[in-house]
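J.: what follows is a predicted protein model with its sequence.
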Amino acid sequence: MGGRRTSRSRYIASTEPPELQDLEVIPRHRRLGVATALVSAAEAECSVRGFLEIRLEVSMANVVAQALYGACGFREAGVPVRRVKGRVVLRAGPIEVDDNLLVLAKRLDG
């Protein structure tokens, strides 16, 4: 907002299938449907590009995000949980991570 324009596909990694990454809603805008709208926009962008599936990784400890993605139609992708430990570079900058990530996927009806 504030006049700053960003790409609609900012949070979609160019992978096969595409992956939703680094989605976070600032606290004062949570529980207002913002995250659901962002997920829907990412799904629409992937559909327009001809993809049939979108994936994401979410912390096993982040039950709130898992509930959001479940409500959006994401299900376990059937791949092993991924252990991540050490320094990871995200769009927002580097962070130290010690986590187990669950891979979720959603079939898109392009």
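T.: Done, it's in. Residues are numbered from 1 along each chain as shown.
J.: so which residue is dead centre in the protein?
T.: Ranked by distance to the mean C-alpha position of the chain (C-alpha atoms, centre = their mean), the top residue is Leu20 at 3.4 Å.
J.: name the nearest residue to that residue, ignoring sequence neighbours.
T.: Leu56 (4.2 Å; C-beta to C-beta, 6 or more residues apart in numbering). For glycine as for every other residue, the C-beta is placed from the backbone atoms N, C-alpha and C.
J.: the one you found against Pro18, yeah?
T.: No. Counting by C-beta atoms under 8 Å, Leu56 does not reach Pro18; the two are 9.7 Å apart.
J.: neighbour count for these two, which is higher?
T.: Leu56 (25 against 22; other C-beta atoms under 10 Å).
J.: and that one, what pLDDT?
T.: Leu56 is assigned a pLDDT of 96 by the prediction.
J.: beta partners for it?
T.: Note on Leu56: beta-bridge partners by DSSP bridges are Leu20, Leu104.
J.: residue ranges of the helices in the chain, please?
T.: Counting by DSSP state H, the chain has these helices, from start to end: 34-48, 63-71.
J.: and among those, the most buried is which?
T.: Highest mean neighbour count among the helices of the chain (mean count of other C-beta atoms under 10 Å): helix 34-48, with a mean of 16.
J.: what helices and strands are in contact with it?
T.: strand 12-13, strand 53-59, helix 63-71 (3 or more C-beta pairs under 8 Å, 6 or more residues apart in numbering; DSSP states H and E).
J.: put together a markdown table for those, with distance to Ala41 on each row.
T.: Output for those, formatted as a markdown table (distance: least, C-beta to C-beta, whole Å):
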| stretch | distance to Ala41 |
| --- | --- |
| strand 12-13 | 10 |
| strand 53-59 | 11 |
| helix 63-71 | 14 |
